[in-house]
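Novice: fold the following and give me the result.
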Amino acid sequence: MELKENALLDHLMKKLGLKTNKQLADYFDIQQPVISKIRNRRMKVSNNFILLIHEKTDMPVAEIRKLIARSENER
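Specialist: Model (predicted):
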């Protein structure tokens, strides 16, 4: 069963056509452990990462925050 707290990361992977956390980390030029920590709820999505997502995908910040809120509500 897939956990729902990964809504933002899963949405990004689907939107970008990526299959692994490593591909997602490489796309955003961040270390793969950061993605893992976010997935495992050991790290929150930082404002810097939100801006990076916005800059690289043109996804509105409001939509990113909505996905984060959805993830947090489903924990």
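
Novice: pLDDT weak spots in the chain?
Specialist: 1-5, 72-75 (pLDDT under 70).

Novice: show me what the one helix or strand R65 maps to is packed up against.
Specialist: Taking DSSP states H and E as the criterion, R65 maps to helix 61-73. Other helices and strands packing on helix 61-73, by 3 or more Cβ pairs under 8 Å, 6 or more residues apart in numbering; DSSP states H and E, are helix 7-16, helix 47-57. To be clear about C-beta, it is placed using only N, CA and C from the backbone, and glycine gets the same treatment.

Novice: what residues of stretch 19-35 count as buried?
Specialist: In terms of neighbour count (16 or more other Cβ atoms under 10 Å), stretch 19-35 has its buried residues at N21, L24, A25, F28, V34, I35.

Novice: disregarding residues adjacent in the polypeptide, which is nearest to the last one?
Specialist: So the one you mean is I35. N21 (4.4 Å; Cβ to Cβ, 6 or more residues apart in numbering).
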